[in-house]
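Chemist: The amino acid sequence is not available; the structure is as follows:
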């Protein structure tokens, strides 16, 4: 009993530390690490000084007084891993009731207590892109989260500097949910395209109506009547204005190419394709017209449209100049994205820097935050991971993970029970079931008939 | 007008007059014998707590026709007063329930139109019915209402049933059946984070929150349009939309939005919407408030604490011989359980004048749960305030309710012993000046108080959910000290019955709890059942994960020989 008591006192103290630290920016000096900057090569025996959450200096023999110093001799320091496609820490994923739901916001349903955040930290992931699911042609606005685990306030996790992003989805998921599930448009890939196109056209009309109203208001003595307000169309209008980055769930080359053309037609350049299993077929087009592709290393064949796939996808895309990242789309994969990147290297023979870019600076570019995170550079936010081995080694294990210079994971202080909130009435919480739900089609099962449910028993 | 018509009218008028007159005569003689002899009562020589913290001994309270005429030691008692000797009794102001749905029925869903589009359903189907008045669905004679009166409630704010914006609340007294008992209508606009679910927009919290924002904003524009149209020529007419119009009293801050919440994150979500739009807010169903005290204060949100407490599944569990991991895990659950019991105390400590809301709770648990809250740090004065003065202030009825003073409505609870004491039982409840009298059961002496009733056997149950009435069989067997059982129910996949193992079957006294899992569409839904057994009858509730709580009643089948 006494031992348990000590463990709990320790845990409580740590939780207090975290709770206090969440609004803080950390100051720390990491000494003698092999620094994998990603954008500026590998620096042996190098010190990194972090002040108030920002990387202040990178060099040798750095000193600072009254600063916690961590000796990283023999260890590797890399930028915090960034997951450009995740559903961790969300209470709801799919508002699967309408083909366009651009009015919904994932920021409204962030659950900061999700243990998945801590697990991601233990895998070196400091930023995840909490996305709407893929049930709708146009889903909701996503939220970029910094893994400041320990706060009960969702807003403390929001990366407020990150630009707005939105989920789109092509192919089987939206046609299954709306077309076959509800007898609604879209029923085919053509329908998905039409839904998106119609949405943009309506948004243009909407913009015009509001502009006319605003102009009329400027006339002295005028009493114009406000048009109907519609967040759905307003968000689509913001996409047309370049204020929102599209992250589009997609698999097949034909529909990827079709959406590229639609975007070109509407003057949209802020688009990233997710999954993109057939991306290798349209690599030059992706390179020229988009902000890149966020792919799986070797995950496929879970439904018909995902059979034509290859583990060389990431390498082919990279070599064709596509900004390429590797994402998790899973509460499990997010714990070892460095392995996933390693697979792309194993097959496609990318060099270390190209490979690490897949999980750091490239996803940062796709999320519009590459000027702040994604590499180890002076002036950037101090999201850092210390590994025992080179992170692309199969023996690599993250040792410490920092967000804004604050340590949120330490393998030597990794207690059995890191949950922030515990049910008052459940001695065993169904954690595994929940993990299963951190996926694209979360919460959609209900909408299918028995036929559909049996035929498509998978989740992405 | 021709002659014949005039004649007919005259005859009609005479007949009507005769009838009216006749009926008046009938009423005066009161053949039903139900009308009381007097509306004047003097309750003598009691210990009267006029408001939390203020008590007078040997005092008399005089009421007439629903109004308090006098309270004090020297009260002149008029001749027509019926005297109630209350020498050993304790009188408290009648309790006020901040949020109740006792006696409120769920409106029937309208039929789906033939061209129904799930992505854009009519408001009424989508659970957006803020124009509804709960009074149209309220039955004051429902037995649920008398159950809550029996435990001391005399006034309740009743909330409508339905989807994300089910309608407007009202305040009623739990008085005599002869009255409508309505104190105020349209007292708040009710809101929740639940859609109608199952394939209709908005289906999840994501959609509900987005839809709320759009409705609020468009209601603002709609009201602006209405104002412009009223004062300017040459404008298009406003399209009248009853959903937007129902928002107007909220926009004008004449009434608050009462948000139903179930945890700290939902409190934050409700407060975010409040911050964005600026309406007055009341939170109901509150728990886990400890995490959001500052936010509640900053929003000046009014708090209706849930009277429901979690079931104690752990504090008595014996884990000493279990692994360290199980011990550590159990300890955390115990801490969470204890924190749940401390919520009232934490709110008091923070200086938030909360009240109670009964929704989702059981009347039989009220006094038991408040005593548990007191054991966990809530002061008795604050507990009584949460039942009386605080809800009166939150509902804005403090002028005429919440305390026992001359000129206030005659609502009180008369108890055998000081409230919150071990033996305290309610002898009378005075609601709207009507006296309701209850049996005071003599407590059994000795250790057999906790004697448990026999539950083994076959029970036939019926449960009422919005989807309709359904039922099945619960078979309970005794296995040593433990119970095992199976429960059958209508298969959610359709066609016939399915059954599940009953888990955690627990009987304490006559209070039975158990749970079971229903597998529906690849999802496992946790169903928990609790209730009281009286003889061969079980009456209780069944909670379905996120879907709500519904009544479940069962009868034990006689043993076959």
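Modeler: Good, I have the coordinates. Computed from a predicted structure; not experimentally measured.
Chemist: most centrally placed residue in the chain?
Modeler: Just so you know, I chose chain A. Centrality entry for chain A: nearest residue to the mean C-alpha point is residue A:129, 2.2 Å, by Cα atoms, centre = their mean.
Chemist: you looked at the wrong chain, it should be chain B
Modeler: residue B:100 (2.2 Å).
Chemist: I'd like the distance between that one and residue B:357.
Modeler: Distance of residue B:100 to residue B:357, computed by Cβ to Cβ, to the nearest Å: 7 Å. Glycine gets a C-beta too; all of them are placed from N, C-alpha and C.
Chemist: Residue A:368 too?
Modeler: Following Cβ to Cβ, the distance that separates residue A:368 from residue B:357 is 44 Å.
Chemist: So the two - more neighbours on which side?
Modeler: residue B:357 (30 against 19; other Cβ atoms under 10 Å in any protein chain shown).
Chemist: Bridged to the more buried one, which residues?
Modeler: Counting by DSSP bridges, residue B:357 is bridged to residue B:306.
Chemist: So it sits against residue B:101, correct?
Modeler: No: with contact defined as Cβ atoms under 8 Å, residue B:357 does not reach residue B:101; the gap is 9.6 Å.
Chemist: State the distance from whatever residue of the stretch 351-500 of chain B ends up closest to chain A to residue B:520.
Modeler: Residue nearest to chain A within the stretch 351-500 of chain B (Cβ to the nearest Cβ): residue B:493, separated by 6.4 Å. From residue B:493 across to residue B:520, the span is 7 Å (Cβ to Cβ).
Chemist: ranges for the helices of the chain?
Modeler: Since you didn't name a chain, this refers to chain A. A:2-21, A:115-122, A:172-174, A:181-182, A:189-218, A:231-240, A:253-265, A:283-289, A:313-319, A:337-348, A:352-357, A:361-366, A:431-437, A:450-455 (DSSP state H).
Chemist: um, chain B though
Modeler: Counting by DSSP H, the helices of chain B are B:3-29, B:143-150, B:205-231, B:242-251, B:264-277, B:293-299, B:324-341, B:343-349, B:366-375, B:380-387, B:389-395.
Chemist: Pick out the shakiest of the ones you listed, pLDDT-wise.
Modeler: Ranked by mean pLDDT, these bottom out at helix B:3-29, which scores a mean of 49.
Chemist: List, one by one, the residues from the stretch 51-200 of chain A near chain B.
Modeler: Proximity of the stretch 51-200 of chain A to chain B (Cβ under 8 Å from any Cβ of the partner chain) is limited to residues A:91-92, A:94-99, A:101, A:103-106, A:108-109, A:111, A:113, A:132, A:140, A:152-154, A:178, A:181-182, A:184.
Chemist: Surely residue A:306 is in contact with residue A:250?
Modeler: No: judged on Cβ under 8 Å, residue A:306 makes no contact with residue A:250 at a distance of 10.7 Å.
Chemist: what residues are shared contacts of those two?
Modeler: residue A:275 (Cβ atoms under 8 Å, 6 or more residues apart in numbering or on different chains).
Chemist: neighbour count winner among these two?
Modeler: With neighbours defined as other Cβ under 10 Å, residue A:306 and residue A:250 compare such that residue A:250 has more, 26 against 20.
Chemist: The more buried one and residue A:31, how far apart?
Modeler: 45 Å.
Chemist: Show me the shaky parts of the chain.
Modeler: Picking chain A for this. For chain A, residues meeting the criterion pLDDT under 70 lie at A:1-23, A:429-460.
Chemist: Chain B, not that one
Modeler: For chain B, the ranges with pLDDT under 70 are B:1-29, B:198, B:442-452, B:466-468, B:521-522, B:545-549, B:560-561.
Chemist: domains of it?
Modeler: Chain B resolves into domains spanning B:38-93+B:404-443, B:134-306+B:342-401, B:448-556 when parsed by automatic domain parsing.
Chemist: Quickly compare the ones you listed and say which is most buried.
Modeler: Most buried of the domains of chain B, by mean neighbour count (mean count of other Cβ atoms under 10 Å in any protein chain shown): domain B:134-306+B:342-401, with a mean of 20.
Chemist: what's the span of that one, first residue to last?
Modeler: End-to-end distance of domain B:134-306+B:342-401 (Cα to Cα, to the nearest Å): 21 Å.
Chemist: rewinding a little: rebuild the helices of chain B as JSON lines, extending it with distance to residue B:35.
Modeler: Shown next, in JSON lines, are these (distance: least, Cβ to Cβ, whole Å):
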{"stretch": "helix B:3-29", "distance to residue B:35": "9"}
{"stretch": "helix B:143-150", "distance to residue B:35": "19"}
{"stretch": "helix B:205-231", "distance to residue B:35": "46"}
{"stretch": "helix B:242-251", "distance to residue B:35": "38"}
{"stretch": "helix B:264-277", "distance to residue B:35": "46"}
{"stretch": "helix B:293-299", "distance to residue B:35": "47"}
{"stretch": "helix B:324-341", "distance to residue B:35": "46"}
{"stretch": "helix B:343-349", "distance to residue B:35": "42"}
{"stretch": "helix B:366-375", "distance to residue B:35": "31"}
{"stretch": "helix B:380-387", "distance to residue B:35": "31"}
{"stretch": "helix B:389-395", "distance to residue B:35": "30"}
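Chemist: Thank you, goodbye.
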